[in-house]
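Student: Pasted the sequence and its predicted model underneath.
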Amino acid sequence: MIALFYIAGVVAVISTIAVVLQTNIVHALLYMVVSLLSVAVIFYVLGAPFAAMLEAIVYAGAIMVLFLFVIMMLNLLSKKPHY
């Protein structure tokens, strides 16, 4: 269990750094989902399964999907002018 804690911690740190350094918005959101899921694993290993479940369902499941749909609906990735 200690090895799983450290692996999830390293994954959380690396994916959070990737969120900050990423120029593509969709890729940054996907890295943030990975970061939130690894934090959920850390919560579970520390003995808080309810907090891990809430982290996975509420943050990684609902809020990140909502962000992704908003970005897709606003069409922020296109650079052509709207006339």
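Tutor: Noted; the coordinates are in hand. Owing to the predicted nature of the structure, the values given are computational and were not obtained by experimental measurement.
Student: Distance of the one residue sitting closest to the centre of the chain relative to Gly61?
Tutor: Nearest to the mean C-alpha position of the chain, counting by CA atoms, centre = their mean, stands Val33 at 1.8 Å. Spatial separation of Val33 from Gly61 under the definition CB to CB, to the nearest Å is 9 Å. In short, each C-beta sits where N, CA and C put it, glycine included.
Student: Could you list the low-pLDDT ranges of this protein?
Tutor: Residues of the chain that meet the criterion pLDDT under 70 lie in 75-83.
Student: does the residue nearest to the centre of the chain sit in a helix, a strand or a coil?
Tutor: Taking DSSP: H, G, I helix; E, B strand; the rest coil as the rule, one finds Val33 in the helix state.
Student: And Ala51, by the same measure?
Tutor: On the three-state scheme (three-state DSSP), Ala51 is labelled helix.
Student: Look at it and say how many residues are nearby.
Tutor: Taking other CB atoms under 10 Å as the neighbour definition, Ala51 ends up with a count of 15.
Student: what helix or strand is the residue nearest to it when sequence neighbours are not counted on?
Tutor: What sits nearest to Ala51 in space, not counting adjacent residues and going by CB to CB, 6 or more residues apart in numbering, is Phe43, at 4.5 Å. Here Phe43, judged by DSSP states H and E, is contained in helix 25-45.
Student: buried ones in that helix?
Tutor: Along helix 25-45, the positions that meet the burial threshold by neighbour count (16 or more other CB atoms under 10 Å) are 28-45.
Student: For Phe5, give me its contacts.
Tutor: With CB atoms under 8 Å, 6 or more residues apart in numbering as the criterion, the residues that contact Phe5 are 42, 45-46.
Student: Can you tell me which of the residues you listed is nearest Ile2?
Tutor: Using CB to CB, Val45 is the member of these that sits closest to Ile2, with 8.2 Å.
Student: give me the element the closest residue to the closest one other than its chain neighbours is part of.
Tutor: For Val45, the nearest residue in space outside its immediate sequence neighbours is Phe5; the separation is 4.6 Å by CB to CB, 6+ apart. Counting by DSSP H and E, the element that carries Phe5 is helix 2-21.
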